[in-house]
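J.: Any chance you can model this:
(one chain, ligands or ions: 1)
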Amino acid sequence: MRRPQRRRGAAKQTRLEEADEIRLLNEWIEAGKPLPGTKAPPPSKSAGAGPSPPAVGEHPGYSACTLFDELPLSQMTKDALRKEGFTKMSEIQRAALPHALCGRDVLGAAKTGSGKTLAFVIPVIEKLYRERWGPEDGVGCIILCPTNDLAGQIYAVMNKVGKLHGFSAGVIVGKRKGIEMEKERVNSLNILVCTPGRLVQHFNETPNFDCSQLQILVLDEADQILDHGFKSQVDAIISQIPKVRQTLLFSATQTKSVKDLARVSLRDPEYISVHEEAKTATPDTLEQYAMIVPLEQKLNMLWSFIKRHLNSKTIVFLSSVKQVKFVFEIFKKLRPGIPLKCMHGRMTHVVQQAIVADFNESTSVLFSTDITSRGLDIQNVDWVVQVDCPESIDNYIHRVGRTARYNKKGKSLMFLCPEEEAMLEKLKATESKIPIHIRKPKAEQLEQISQNIASVLVKFPNLQQLGKRAFVTYLKSVYLQKDKKVFDLSRFSAEQFAAYAASLGLPVTPTIRFISHKKNVSKKDMVDLDKKKMTSSSKPEVIINPQVNSDLNKGEEDDDILYPKKKPTADANMDDGLDDVLCPKEPGTDTNTEPEKVIELVKPLKKKKLKINVHRPVGTRVKYDDEGNAIPPLASVAEEVASEPIVHKDKSLFCPFFYVAYSLASMM
Ligand SMILES: Nc1ncnc2c1ncn2[C@@H]1O[C@H](COP(=O)(O)OP(=O)(O)OP(=O)(O)O)[C@@H](O)[C@H]1O
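T.: Have a look, this model is predicted:
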């Protein structure tokens, strides 16, 4: 938002006031900073009594503050925070901000929904303010996060907190085609909020794209950004930015891998984990349930749950895009009595943003992949239902963290097949610190909808194709999971696969080429086997046939008759009653992705010599040598023949905080 145009004299007065404020802030930050490695002391009794502004020249320590107004922050930031209703700091903010404001690297860990975003947005804005950063200085801060939606959300928070400042910020996201429009503007942005893949594209393709002056690098959902999915992109980015910078890493499931942390050149980082001693790894206000649900009963159970929670806002996680699409389309046709939405990574950024915005404002059910599992701050989600088993405990924590945010209440329910009970053991293990309760569904409250689905598929053949793909992609997702103790398709019988297909309303069970009864079985054998199976009572063994791994990467399978359709039977597990999990006592308080793993292969980046922004006023430009070590500005100027005219010190470096690339992305 542009600052109101001021008359020249008033603008000059403002600049003098800002110069004074920056000098005072720098003195205060230096004089009152906490000792390295120290934790914030517990809030004092008088905490929150409101700050008595320090007397001139007095610089009290700020590690014990509880209110934003007590911190050495610029007045513009304090005013913006107050306007947004942020007055008292959360635990992670209280612990991290004093160290981040004085320029230290921070490795921050705190539960989902505990306010980590402000813990890095505020230091970014304050750092650039105190550095008197402006548009001609180019990129001063990069914030990396795993998904486009999260980038959009972080940008929105940045916009709220920084709106009185004069920085240019933007979200550079979106699919391949949008990059051309971004190329013209990306160099003029001071703060980039982006996914790793998009940033690498700019390093590779945007002429004169320059991050050599970078002051601060932030990794949100750092453990995911640093894991194998983004490894090549992150390494490419790190190779293009100065090693001498401030680095902030945050996540609810923070990595402690020294190897990973070394990749981002952390320097004596403050490890701040405010909930390390907490009894639970998940929010205290979250009620967590699990139910053992046979594969072929999952959709019946999901439908029954939704029918009993028509006044709740619910996020439903499924493993694959095809499943999300199929369940969404089918349930839409069956009309449960509550609005339904779906979200996945194959949607354009604009559509995703619109869905999140709409879901924020409505009581509805959002079917989603794990694209929404991390970071998304959707308001007032009452329930998170995990129809498919999370791939890891971290994945579980982030999924359920979509509800019960910032002291609000929420509930989560996870379906586990009997064959996946090992995940329950992992979650209940002491070290996981996840207070999850087992619930047994009441058979009489379980609505059988397979026939209804089958009727819909007859009426809408295109949905039958989608159903087959949902069937195959789900099994593929299980087959490709790393944790073979939990995910093992060979534990499922051929009959169960047939029953699962029938539960999706499919007239025949699609062929799953990576599963066969025995090694190297031919299609003819499979069909013969069917006939034999129809007579024999023994369960044919299901063998995962690795020889056909190549199928996993193929497009969608054609369907084929593998097993006759079988009516799903109510499972023994279903005898006990469904308790409050399906019949909420009071209107609920109760929310995936394939993370936006950028698929394109990153060409090994030529090591580019770090370029220097020659337009930056003399005496304020920080330069780097080839190793990325900062050379003191004056020293570097002394090296050059100082022939260029001295730029007036009072040249304003600020221009209205406006948003550039995001509107570009939104035009994609
Ligand atoms: N100091 C505060 N006072 C009031 N509300 C706050 C404060 N800090 C954050 N919030 C609110 O808490 C919610 C969660 O914040 P945020 O999204 O930053 O959590 P997070 O820790 O990043 O969660 P996740 O781990 O899921 O990414 C947001 O709605 C935010 O506006």
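J.: So what touches stretch 99-106?
T.: 29-30, 33-34, 36, 62, 71-73, 96, 119-120, 122-123, 126-127, 246-250, 266-270, 272 (CB atoms under 8 Å, 6 or more residues apart in numbering). In this view, the C-beta of every residue, glycine as well, is placed from N, C-alpha and C.
J.: ok, and for the helix of greatest length in the chain, which residues are buried?
T.: Secondary structure assigned by DSSP state H gives helix 8-31 as the longest helix of the chain. By neighbour count with 16 or more other CB atoms under 10 Å, helix 8-31 contains the buried residues 15, 18, 22, 25, 28, 29.
J.: What residues does the stretch 201-350 of the chain have near the ligand?
T.: With CB under 6 Å from any ligand atom as the criterion, the stretch 201-350 of the chain comes near the ligand at residues residue 252.
J.: Which single residue of the stretch 201-350 of the chain ends up nearest the ligand?
T.: residue 252 (4.0 Å; CB to the nearest ligand atom).
J.: Now for that residue, how many residues are close by?
T.: Using other CB atoms under 10 Å, the number of residues around residue 252 comes to 25.
J.: show me what contacts the residue nearest to it when sequence neighbours are not counted?
T.: Once flanking residues are discounted, residue 252 sits nearest to residue 112: 4.5 Å by CB to CB, 6 or more residues apart in numbering. Counting by CB under 8 Å, 6+ apart, residue 112 touches 252, 282, 283, 397, 398, 400, 401, 402, 405.
J.: Just flag the most distant two among those.
T.: Across the contacts of residue 112, the longest distance by CB to CB is 13.0 Å; it joins 397 and 405.
J.: Can you classify the residue most central in space within the chain by secondary structure?
T.: Residue closest to the average C-alpha location in the chain (CA atoms, centre = their mean): residue 374, at 3.2 Å. With DSSP: H, G, I helix; E, B strand; the rest coil as the basis, residue 374 sits in coil.
J.: Next one, pLDDT for it please.
T.: Residue 374 is assigned 94 on the pLDDT scale.
J.: Please report how far residue 436 lies from residue 415.
T.: As judged by CB to CB, to the nearest Å, residue 436 and residue 415 stand 13 Å apart.
J.: correction: residue 67
T.: 43 Å.
J.: and what of residue 397?
T.: Residue 397 is 17 Å from residue 415, by CB to CB.
J.: Please apply the same query to residue 233.
T.: 34 Å.
J.: Now tell me which helix or strand of the chain has the poorest mean pLDDT.
T.: Counting by mean pLDDT, DSSP states H and E, the weakest-scoring helix or strand in the chain turns out to be helix 633-639, with a mean of 38.
J.: wait, doesn't the residue nearest to the centre of the chain sit right on residue 224?
T.: Yes: Residue 374 is within contact range of residue 224, at 6.4 Å (criterion: CB atoms under 8 Å).
J.: got any ranges where the protein has weak pLDDT?
T.: Low-confidence segments of the chain (pLDDT under 70): 1-7, 44-57, 174-176, 514-668.
J.: Spell out which parts of it neighbour the ligand.
T.: Going by CB under 6 Å from any ligand atom, the residues of the chain near the ligand are 86, 88-90, 93, 110, 112-118, 252, 375, 377, 401, 405-406.
J.: and these, which of them are in helices?
T.: Using DSSP H, the residues of the chain next to the ligand in helices are 93, 116, 117, 118.
J.: Format the residues you listed as TSV; extra columns: neighbour count.
T.: Converted to TSV, those look like this (neighbours: other CB atoms under 10 Å):
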residue	neighbour count
93	28
116	27
117	24
118	21
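J.: Settle this for me: residue 61 is touching residue 34, isn't it.
T.: Yes: here residue 61 lies in contact with residue 34, judged by CB under 8 Å, at a distance of 6.8 Å.
J.: Could you measure from residue 496 over to residue 407?
T.: Distance from residue 496 to residue 407, by CB to CB: 42 Å.
J.: Between those two, tell me which one has more neighbours.
T.: Higher neighbour count among residue 496 and residue 407: residue 496, with 22 against 11, using other CB under 10 Å.
J.: tell me the contacts of the residue lying closest to residue 62 once chain neighbours are set aside?
T.: Nearest residue to residue 62, sequence neighbours excluded (CB to CB, 6+ apart): residue 32, at 4.9 Å. Going by CB under 8 Å, 6+ apart, residue 32 touches 59, 60, 61, 62, 72.
J.: Need the max-distance pair from these.
T.: The widest separation within these, taken as CB to CB, falls between 61 and 72 and amounts to 10.3 Å.
J.: Name the residue in these two with the higher neighbour count.
T.: residue 72 (25 against 14).
J.: where does the more buried one land in three-state SS?
T.: coil.
J.: isn't it right up against residue 31?
T.: No: using CB under 8 Å, residue 72 is not in contact with residue 31; the gap is 9.5 Å.
J.: ranges for the strands of the stretch 51-200 of the chain?
T.: Counting by DSSP state E, counting those that start in this stretch, residue ranges of the strands within the stretch 51-200 of the chain are 106-109, 141-144, 168-172, 191-194.
J.: Reformat those as TSV; add mean neighbour count.
T.: Shown next, in TSV, are those (neighbours: other CB under 10 Å):
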stretch	mean neighbour count
strand 106-109	24
strand 141-144	26
strand 168-172	28
strand 191-194	28
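J.: Those strands: which one's closest to residue 287?
T.: strand 106-109 (23.1 Å).
J.: give the contact list for residue 274.
T.: Residues near residue 274 by CB under 8 Å, 6+ apart: 91, 92, 95, 109, 110, 114.
J.: The first one contacts residue 110, doesn't it?
T.: Read that as residue 91. Yes: between residue 91 and residue 110 there is a contact at 6.6 Å, judged by CB under 8 Å.
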